[in-house]
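Novice: sequence plus predicted model, see below.
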Protein chains: 2
Amino acid sequence: MTQQAQGKQTASLLASPEADFPRWYQDVVTQAELADNGPVRGTMVIRPYGWAIWENIQAGIDARIKRAGASNAYFPLLIPQSYLAREAEHVEGFSPELAVVTHAGGKDLDEPLIIRPTSETIIGEYMAKWVQSYRDLPLLLNQWVNVLRWELRPRIFLRTTEFLWQEGHTAHATEADAAQYARRIHLDVYRDFLERDLALPVLIGAKTDRERFAGATNTLTCEAMMGDGKALQIATSHELGQNFATAFGVTYLGQDGQRSHCWTTSWGSSTRIVGGLIMGHGDAAGLRVPPRIAPVQAVVVPVREDDDLLAEAEQISARLADHQIRSSVDKKGGSFGRRITDLEVKGIPVRVEIGPRDLAAGQATLVRRDSREKLTVPLDGIAAAVADLLGQIQQAMFDSASERLATRTHDVRTVPEAAEAAKTGFARLPWRTVGAEGEQFLAQDALTVRCLQLPDGTLPDRADPADELMCVIARAY
Amino acid sequence: MTQQAQGKQTASLLASPEADFPRWYQDVVTQAELADNGPVRGTMVIRPYGWAIWENIQAGIDARIKRAGASNAYFPLLIPQSYLAREAEHVEGFSPELAVVTHAGGKDLDEPLIIRPTSETIIGEYMAKWVQSYRDLPLLLNQWVNVLRWELRPRIFLRTTEFLWQEGHTAHATEADAAQYARRIHLDVYRDFLERDLALPVLIGAKTDRERFAGATNTLTCEAMMGDGKALQIATSHELGQNFATAFGVTYLGQDGQRSHCWTTSWGSSTRIVGGLIMGHGDAAGLRVPPRIAPVQAVVVPVREDDDLLAEAEQISARLADHQIRSSVDKKGGSFGRRITDLEVKGIPVRVEIGPRDLAAGQATLVRRDSREKLTVPLDGIAAAVADLLGQIQQAMFDSASERLATRTHDVRTVPEAAEAAKTGFARLPWRTVGAEGEQFLAQDALTVRCLQLPDGTLPDRADPADELMCVIARAY
């Protein structure tokens, strides 16, 4: 089957991303068997292929969190309603989204219980027990859990009533230490993971007052550009000042014998990343998964059902596995074209195609999912060739996403110019030109300030004068 | 400090397990920093050390589940109340333990939502969508999630309102295939993990009608003996017949063109395993963690604060890490005796103690946590010595638990004899001697039939006549 004919078959499975990006997104989620809608509106069922991707995302983030010195723990799902009320901005921000348990064990409860929308409050309560002196600081915790926020306009992976995430929570002796740790997580965990493993370049910066997390004094964000030019907030790190420490009595005895409130941070990333993967890398044929995240990095495809071909395919797959390449054999029946279409929808980085003539010649054809380039290689040394190709694909995907980000980010001078540029991508201009009034004006067109950054694109310090900051404006998910 | 003096210090931290086993258990949970009680009665906070143990337990079970061919997925926390009602025995069994969300997003809900107590119902709904023909079978799913069952008499790790577990759910074309898969999981995942990694021998068998899972046609169990001679049900695998398949319409089109209901199974193991680890291996000095599960397998302990000793300790730890031994350096200040007591409470399998004379002689002292035996080894080749010792400890812990199980299991002939023997351990006698009446009689003394097995201790088949089965009777957690 020719490349063109394959293209046709693909087109029948998926909406065109140019014509209808939201519909294409939903089609990819379904056809790649990533997830289904749950029975309760806004919830989702993550199917085995989607979950395998999420497991690899988790592994990449978790290893970096541990390297940054934080330890995993687990705090309860149910939070007494009274806890939420202790931090005024926090309860105001989350109240409309809460799910409430009023009845349990056959009885009405005396105090209603909240299903965690995030865990600053319950973790604050335990930090207060565990932190006594400066020797107990910093206290660096993380947990991988499900949370619930009732969503009025849910969209699978991107904005779901129940989602899965990691939430880190730390307590520090000083404001500077807290700020430094939040930056470290933001750069060494989130940006590093997103750029190196997910192959998705991100803009880093601070949120404006309007966009800040409820209860935070500063919110750092990683913003990625999706295939349609919109922004996706993909991970955030918050400095919480002494707000939660004051509300929950998290204090420590300093070396000087004085008791002070701690400075806390929190930081999170979620199953939303899977949405970012789809929209950041997908194309007309479906998903494209970067090799470092791919559950199957190389799939060996016999061109037709044949015992000799299948035996050879199994041998190739075993050799790839010996070289730490996650591989499998496509054993499905049916037409070759249809099987290729399925493997492309799933975004498997490399196909190793093998036919009778290949077998006779002692070779196989490698097909890159990202560029669809083909390459004939001898079976001898095929593992090294695939490993090399996986490295090239990882880099090429990052480069291609970086080019899109660069091409579709426009430096502009006025708010109306920003609004125009944000129709197809990101607009960048001095924050002093926009300000809180400009931000409110843009909001009428569903445009938001995604982040504030220094002119060289680095994270601002809270000490940097607002006058010197640039801002990035875009439509966003 | 002498061994005796250390013993004294230990005694002051923990209740004696002989004098007050439940109090000793709670003391170990607290002193080893495994967990705290949550703010809502019956919930728990799992602290970093407890969580690190749970992560290793998860890794061991998860790898075996994948080897058995099942894939991880994720199903929503919230289940419509109507789903539960579809399987009569199931809803009857779980109704008293449910937590109910009646209010969400600022409104009362039209239909109350249940927080999953287990997921047969919601997974049944999706199996019905995904299974069309015999080619889709078997469908082998698993998920690692939190579940809620309102507990009247909670005990941390053992019986908590919220707990974490894996629950596997599979659908098969035939009853025989379902039965075979449930056995495979039971033996190759649960028993293999518990005996090899957790070093805890288990009795395997089937539950009686009285003890079976609500909605199952057959329940297999792994039962371990705790330090006080009581039984802990530590993992269960259920054949669900066609009960849930009928309730949720899980059908398939066979090769013969006939549509039939599937046969399903479910199987689970939970954070209760941490309780089993504590009570199955702990001693008067605290926890003893088998090397394969231990977050820290070897801790290097400088006998006093000294820069040279610390530098050497760091080097030793690095060499152990190079040999894939999970190691750390004890850098806490304070008395040597107090530090040893802390490390013993946490159950770290091997201590590498190093003092100035050791340093001069180019050697270190290895101390086994399980037997407290000491061994002087040259620093040259210390990694091999520690690796070897870890293997010995793993085996010795299994042997010691096996000996307890053998010594405290008594073959008896009558129900009163069984009641007497079960005061200190397990009693074993023909099931026909007990029967449903004997079972009810024993229940008055809180004694239960833990499992039915063949005379050689293997899993019974449902075809085996009840007359030929043996039963094991014990007090249980």
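Specialist: Looks like it arrived, so ask away.
Novice: next, the contact list for the residue of chain A most remote from its centre, please.
Specialist: Residue farthest from the centre of chain A, counting by Cα atoms, centre = their mean, is A:A360 at 44.6 Å. By Cβ atoms under 8 Å, 6 or more residues apart in numbering or on different chains, the contact list for A:A360 is empty. Quick note: C-beta positions are derived from backbone N, CA and C, even for glycine.
Novice: tell me which helix or strand it sits in.
Specialist: Element membership for A:A360 (DSSP states H and E) is helix A:356-361.
Novice: check which residues of that helix are buried.
Specialist: Neighbour counts using 16 or more other Cβ atoms under 10 Å in any protein chain shown place A:358-359 of helix A:356-361 among the buried residues.
Novice: could you point out which element follows that helix?
Specialist: strand A:363-368.
Novice: okay, now the residue in the stretch 251-400 of chain A that chain B sits nearest to: neighbour count?
Specialist: Nearest residue of the stretch 251-400 of chain A to chain B: A:T271, at 8.6 Å (Cβ to the nearest Cβ). Using other Cβ atoms under 10 Å in any protein chain shown, A:T271 has 25 neighbouring residues.
Novice: now do the helix holding A:A360, average pLDDT.
Specialist: Averaged across helix A:356-361, pLDDT comes to 94.
Novice: tell me who's in contact with the residue nearest to A:S119 when sequence neighbours are not counted.
Specialist: Nearest residue to A:S119, sequence neighbours excluded (Cβ to Cβ, 6 or more residues apart in numbering or on different chains): A:F75, at 5.4 Å. Residues in contact with A:F75 (Cβ under 8 Å, 6+ apart) are A:116, A:119, A:122-123, A:126, A:143, A:145, B:38, B:45.
Novice: same deal with A:V28?
Specialist: Residues near A:V28 by Cβ under 8 Å, 6+ apart: A:14, A:34, A:278, A:282, A:286-287, A:345.
Novice: biggest separation within the residues you listed, which pair?
Specialist: A:L14 and A:L34 (13.0 Å; Cβ to Cβ).
Novice: who's more crowded, the two?
Specialist: Using other Cβ under 10 Å, the more surrounded residue of A:L14 and A:L34 is A:L34, with 27 against 24.
Novice: what about the strands in the stretch 251-400 of chain A?
Specialist: A:251-253, A:259-261, A:263-270, A:298-302, A:327-329, A:350-354, A:363-368, A:374-378 (DSSP state E, counting those that start in this stretch).
Novice: excluding covalently adjacent residues, which one is nearest to the spatially most central residue of chain A?
Specialist: Centroid-nearest residue in chain A: A:I273, 2.1 Å away (criterion: Cα atoms, centre = their mean). Of all residues not flanking A:I273 in the chain, A:I57 sits nearest, at 5.5 Å (Cβ to Cβ, 6+ apart).
Novice: wait, that neighbour touches A:I293, no?
Specialist: Yes: judged on Cβ atoms under 8 Å, A:I57 makes contact with A:I293 at a distance of 6.2 Å.
Novice: okay, those two: which has more neighbours?
Specialist: More crowded of A:I57 and A:I293, by other Cβ under 10 Å: A:I293, with 26 against 23.
Novice: let me know the pLDDT of the more buried one.
Specialist: At A:I293, pLDDT is 98.
Novice: can you list the domains in chain A?
Specialist: Per the record, chain A has its domains at A:7-281, A:298-393, A:409-474, by automatic domain parsing.
Novice: can you redo those as TSV with distance to B:C471?
Specialist: Listed next are those as TSV, based on distance: least, Cβ to Cβ, whole Å:
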stretch	distance to B:C471
domain A:7-281	32
domain A:298-393	45
domain A:409-474	66
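Novice: buried deepest among those, which one?
Specialist: domain A:7-281 (a mean of 20; mean count of other Cβ atoms under 10 Å in any protein chain shown).
Novice: is the helix or strand where A:W144 lies in proximity to chain B?
Specialist: Per DSSP H and E: A:W144 is located in strand A:139-148. Yes: Strand A:139-148 lies within reach of chain B by Cβ under 8 Å from any Cβ of the partner chain, at A:141, A:145-146, A:148.
Novice: ok so, going back, which of the domains of chain A sits closest to B:V189?
Specialist: If we rank those by Cβ to Cβ, the stretch that ends up nearest is domain A:7-281, at 17.5 Å.
Novice: what about that closest one, distance to the chain center?
Specialist: Centre-to-centre, domain A:7-281 and its host chain are 10 Å apart (Cα atoms, centre = their mean, to the nearest Å).
Novice: can you name the residue of the stretch 151-300 of chain A nearest chain B?
Specialist: A:E162 (5.5 Å).
Novice: which element follows the lengthiest helix in chain A toward the C-terminus?
Specialist: Longest helix in chain A, counting residues (DSSP state H): helix A:382-407. Moving toward the C-terminus from helix A:382-407, the next helix or strand (DSSP H and E) is strand A:409-411.
Novice: one step back: what's the farthest-apart pair in the contacts of A:F75?
Specialist: A:Y126 and A:V145 (14.5 Å).
Novice: and A:H103, how close does it get to A:T448?
Specialist: Distance of A:H103 to A:T448, given as Cβ to Cβ, to the nearest Å: 39 Å.
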